[in-house]
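In: need a structure here:
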Amino acid sequence: MPRLKSPDRLPMLPPWARPGAVEGRLILTLHVQPHARSTGPTGRHGDALGFRVAAQAVDNRANEALLTHLRTTLGIPSTAVRIRHGFGSRRKPVEVERVDARVRACVAAWDDATRP
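Out: Below you'll find the model as predicted:
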């Protein structure tokens, strides 16, 4: 994860991540591909971030695996991330609470790592 030189200099958000209606929240637009070999970001998918999930899309397993991966990677508690809607769809807006400079840097790094 990239380090920030100053707490005043926050990384720019990619187009698939936008500020939420409440300060300290982000809305991530994800295009989720279940039953993949691994779990993690794959690159931009239109105006969303492509995201592979190893779990199958059966009994909500892929959604739970996605949320677990986001919680672990971003280092936030389980109550701070949720799927807003689209539980049965590949395209999902995911709301992340308790966003600080570290979380913003991680989100920006996902975009940087997946761009050609």
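
In: any idea how far residue 103 lies from residue 87?
Out: Note on residue 103: its distance to residue 87, by Cβ to Cβ, to the nearest Å, is 23 Å. Placement of C-beta: from N, CA and C, glycine included.

In: for these two, indicate the residue with more neighbours.
Out: residue 103 (20 against 10; other Cβ atoms under 10 Å).

In: quick one: the closest residue to the more buried one other than its chain neighbours and residue 37, what's the gap?
Out: With sequence-adjacent residues excluded and distances taken as Cβ to Cβ, 6 or more residues apart in numbering, residue 103 is closest to residue 74, at 5.1 Å. From residue 74 across to residue 37, the span is 22 Å (Cβ to Cβ).

In: how about residue 100?
Out: 32 Å.

In: looking at these two, which is more packed in?
Out: Taking other Cβ under 10 Å, residue 100 and residue 37 do not tie; residue 100 has more neighbours (13 against 6).

In: of all residues in this structure, which one is nearest the centre?
Out: Geometric centre of the chain, nearest residue: residue 28, 5.3 Å, by Cα atoms, centre = their mean.

In: pretty sure that residue contacts residue 15?
Out: No - here residue 28 lies out of contact with residue 15, judged by Cβ atoms under 8 Å, at a distance of 11.0 Å.

In: can you give the strand pairings for the longest strand belonging to the chain, parallel or anti for each?
Out: Across the chain, the longest stretch assigned as strand under DSSP state E is strand 26-33. Strand 26-33 has the following strand partners under DSSP bridges: strand 17-19 (antiparallel), strand 48-52 (parallel), strand 91-96 (antiparallel).

In: CA atoms only for the second one - export them in PDB, please.
Out: The C-alpha trace of strand 48-52 is given here as PDB (Å, rounded to 0.1, in the frame of the first residue of the first chain):
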ATOM      1  CA  ALA A  48     -16.800  -0.100 -12.300                       C
ATOM      2  CA  LEU A  49     -13.900  -2.000 -10.800                       C
ATOM      3  CA  GLY A  50     -13.800  -5.700 -11.800                       C
ATOM      4  CA  PHE A  51     -13.500  -7.900  -8.800                       C
ATOM      5  CA  ARG A  52     -13.000 -11.700  -8.900                       C
END
